[in-house]
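K.L.:
sharing a model that was predicted from the sequence below.
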Amino acid sequence: MFGKLSWSAIPFNQPIPLITSLILILVITGTLGLVTWKGWWTYLWKEWITSVDHKRIGIMYCLLGVVMLVRGFADAIMMRTQQAVAVGGSQGYLEPEHYNQIFSAHGTIMIFFAAMPLVIGFMNFVTPLQLGVRDVAFPTMNSVSFWLTASGALLVNLSLFLGEFARTGWLPYPPLSESAYSPGVGVDYYLWAVQISGIGTLMTGINFVTTVLKMRCPGMSYLRMPMFCWTTLASSLLIVAAFPVLTATLAMLSLDRFFGWHFFTADAGGNPMMFMNLIWAWGHPEVYILVLPAFGIFSEIFSTFSGKPLFGYRSMVAATLFICIVSMTVWLHHFFTMGSGPAVNTFFGISTSVIAVGTGVKIYNWIFTMYGGRVRMTVPMLWSLGFIFTFVIGGMTGVLLAVPPADFLVHNSMFLVAHFHNVIVGGVVFALFAGLDYWFPKAFGFRLHEGWGKASFWFSFFGFWITFTPLYILGIQGMTRRLQHVNIPEWQPMLVLSAIGVGVLAIGAACQVIMLVVSIVQRDKLRDVSGDPWDGRSLEWATPSPAPFFNFAIMPNVEGEEAYWGIKLKAIESQRLSEEPEYEAIEMPVNSPVGFFTAVFASATGFALIWQIWWLVAVGLIGAIAGFVVFAWRDVHEFHVPAEEVARVERARRASREALLERIAAEGAPA
């Protein structure tokens, strides 16, 4: 009845995952108990769980991403400390099989369930506001996308308590991932968690391609869109192009494991190298799916805190689309050493070097944006400046790896680990922290504490370099990655230094937690009453903070490249706002539980497939299909926001802007 599931699936003989699981169960039980005691279930159900508001879905994506970021960082702490102590005669505190699960889970979680939700969260929250529209193209599908991602994250965390996770690395290369060499459920947890969340991500890509191409406010032509909208479009196009490849590849591996097919089993006519090509045909565009929205965040921040339009806007658009296209032609540099031949290696080496040109254009444009501007050293600006330094060095090591003879020397070494984190942490994580500080007031109505934010940046910046500089050195000295035990004592000092760096990073993370707590306590002091705390230049700053669920009482009419900046300057010059319009009722989509129910049945189906509980598979699939049928046959699709409610919200916003104009007139200060 329960397939392969039995009491032996609980890791009673492994104290670390068992204790971690028990702590998580206590935390979850305590949280559910608190929500029940406070009577918050009705509020959570109506306002969050069933919400189709793009802003609330974006916040939930970011919350999921932060939770999984903490989980992935915990795995990183264990890896670095294990390697620091497991040198020579010491075996460390992690058994080899457990260590293999940790580094596999770390990569999987950080890419699929931390970075992706955070990036998509910002896309969700910011893009419709910057486009001057009230929601995304398909609001209910947006909810389904989020809950499918949450379903995949749930399955990954279930592997802590029931069974095991994959021991194959964050990409399950055959033949190691085939059932003959990985007979347990670890690879199955990976396959179904990633496939379920990948479907949600593909739906997100379709949603945002449609939103950006078809739902801009009046007057907002393509070359008047903020850069973040361009990078959202490019990232979404890559999602639509690349994620079906991932889904098909993992589906083929699933058929190999479940039914004994032979797509990738070399001894039965399959080809493991086909898996390598397919998985990296998705895998390298995935890097740009993450980093392009990060570039968009930096573009907004450099322009805002330099008090200038973005330098070379059109060249930035061209560079974004150039990266989008060329990113599909570089995947083979991940296996230069696999014998593809000099002609193939040369082509992919050149394409990998050429893609750096697009990034170089962006770096110079950001620097020129700051040149001659009134640069304000806020927390988002510090993260952005730290990004330029870190990402340039990471990019240079990437160009080095793009040269096949050099790649032969450091392939599969710690040098590669350092390079990848140099790019992803310096490019994506720094952007996410910058964007969190930048858009937090728009989401919650108050700013984050500046002092603790700066402390977090400096600890994180130096902690990053203390962690990964030793890994560059170890890679050049020949240390390969994924070692549970190191036999060369001369490597230990660098491994210890790297572990110290992780400790400094942990202090930076603690500063961020303190920053959030202090900001909540002092929220009245940090309140944003104007809706424009940073003197912004794009349309999200034209709304109150936090923005109302309908975003705009009256659809904006864009007349220049910087939509909100032109409106603001006109108001400052004339010392008055535009005439109050005639308010009308607004149609907004109704909330829908279909996303949540789909995730419940998807989680049940994924869990059942992992443990081969076939009756539960049938129940899950029928339930998911039934949910969509009920949604398709619903009678009410929108509700009307009365004109009086629209007028009330808009008049409060206008009152705050009139007070700001009076202050500017009295002080002679800029907005």
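P.N.:
Nice, thanks for sending it over.
K.L.:
buried sites along stretch 261-279?
P.N.:
263, 264, 265, 270, 272, 275, 276, 277, 278, 279 (16 or more other CB atoms under 10 Å). Quick note: C-beta positions are derived from backbone N, CA and C, even for glycine.
K.L.:
and which of those is nearest residue 657?
P.N.:
residue 279 (51.5 Å; CB to CB).
K.L.:
please enumerate the strands of this protein.
P.N.:
Secondary structure of the chain by DSSP state E: the strands cover 586-589, 638-641.
K.L.:
those: which one's closest to residue 397?
P.N.:
Ranking these by proximity to residue 397 (CB to CB) places strand 586-589 first, at 46.4 Å.
K.L.:
any chance of JSON lines for the buried residues of stretch 261-279, columns distance to residue 636 and pLDDT?
P.N.:
Output for those, formatted as JSON lines (distance: CB to CB, whole Å; pLDDT from 0 to 100):
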{"residue": "263", "distance to residue 636": "46", "pLDDT": "94"}
{"residue": "264", "distance to residue 636": "48", "pLDDT": "93"}
{"residue": "265", "distance to residue 636": "52", "pLDDT": "88"}
{"residue": "270", "distance to residue 636": "51", "pLDDT": "89"}
{"residue": "272", "distance to residue 636": "52", "pLDDT": "91"}
{"residue": "275", "distance to residue 636": "47", "pLDDT": "94"}
{"residue": "276", "distance to residue 636": "50", "pLDDT": "93"}
{"residue": "277", "distance to residue 636": "48", "pLDDT": "93"}
{"residue": "278", "distance to residue 636": "44", "pLDDT": "95"}
{"residue": "279", "distance to residue 636": "44", "pLDDT": "95"}
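K.L.:
filter the residues you listed down to just the ones in helices.
P.N.:
272, 275, 276, 277, 278, 279 (DSSP state H).
K.L.:
sorry, back to before: could you say which of the strands of the chain is packed most deeply?
P.N.:
Highest mean neighbour count among the strands of the chain (mean count of other CB atoms under 10 Å): strand 586-589, with a mean of 17.
K.L.:
and that one, average pLDDT?
P.N.:
Average pLDDT, strand 586-589: 92.
K.L.:
quick one: contacts of it?
P.N.:
Residues outside strand 586-589 that contact it (CB atoms under 8 Å, 6 or more residues apart in numbering): 52, 134-135, 139-140, 549-550, 553, 637-641, 646.
K.L.:
quick check, nearest of those residues to residue 220?
P.N.:
residue 134 (13.9 Å).
K.L.:
how about the closest one: what's its closest non-neighbour residue?
P.N.:
Nearest-residue entry for residue 134: residue 551, 4.9 Å, with adjacent residues in sequence omitted and distances by CB to CB, 6 or more residues apart in numbering.
K.L.:
kindly reformat the ones in helices among the buried residues of stretch 261-279 as TSV containing distance to residue 464.
P.N.:
Compiled in TSV, those are given as follows (distance: CB to CB, whole Å):
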residue	distance to residue 464
272	35
275	32
276	30
277	32
278	32
279	28
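K.L.:
ok, residue 73 touching residue 512?
P.N.:
No - taking contacts as CB atoms under 8 Å, residue 73 lies outside contact range of residue 512: 11.4 Å.
K.L.:
okay, the two: which has more neighbours?
P.N.:
residue 512 (21 against 18; other CB atoms under 10 Å).
K.L.:
so where's this structure uncertain?
P.N.:
668-671 (pLDDT under 70).
K.L.:
which non-adjacent residue is nearest residue 25?
P.N.:
Residue 25 sits nearest to residue 161 (CB to CB, 6+ apart), 7.6 Å away.
K.L.:
quick one: neighbours of that neighbour, just the number.
P.N.:
16.
K.L.:
list the contacts for it?
P.N.:
When contacts are counted by CB under 8 Å, 6+ apart, residue 161 touches 10, 11, 17, 21, 24, 25.
K.L.:
ok, the residues you listed vs residue 523, which is closest?
P.N.:
Top of the list for closeness to residue 523, among the contacts of residue 161 and by CB to CB, is residue 24 at 29.2 Å.
K.L.:
can you pull out the helices in the stretch 451-600 of the chain?
P.N.:
492-521, 563-574, 594-611 (DSSP state H, counting those that start in this stretch).
K.L.:
circling back to that earlier point, now for the contacts of strand 586-589: which two are most distant?
P.N.:
140 and 553 (23.9 Å).
K.L.:
neighbours of the residue nearest to residue 332 when sequence neighbours are not counted, just the number please.
P.N.:
Distances taken as CB to CB, 6+ apart put residue 348 closest to residue 332, at 4.2 Å, once the chain neighbours are dropped. By other CB under 10 Å, 20 other residues sit near residue 348.
K.L.:
now residue 348: how far from residue 403?
P.N.:
Applying CB to CB, to the nearest Å, the value for residue 348 to residue 403 is 11 Å.
K.L.:
same question for residue 449.
P.N.:
45 Å.
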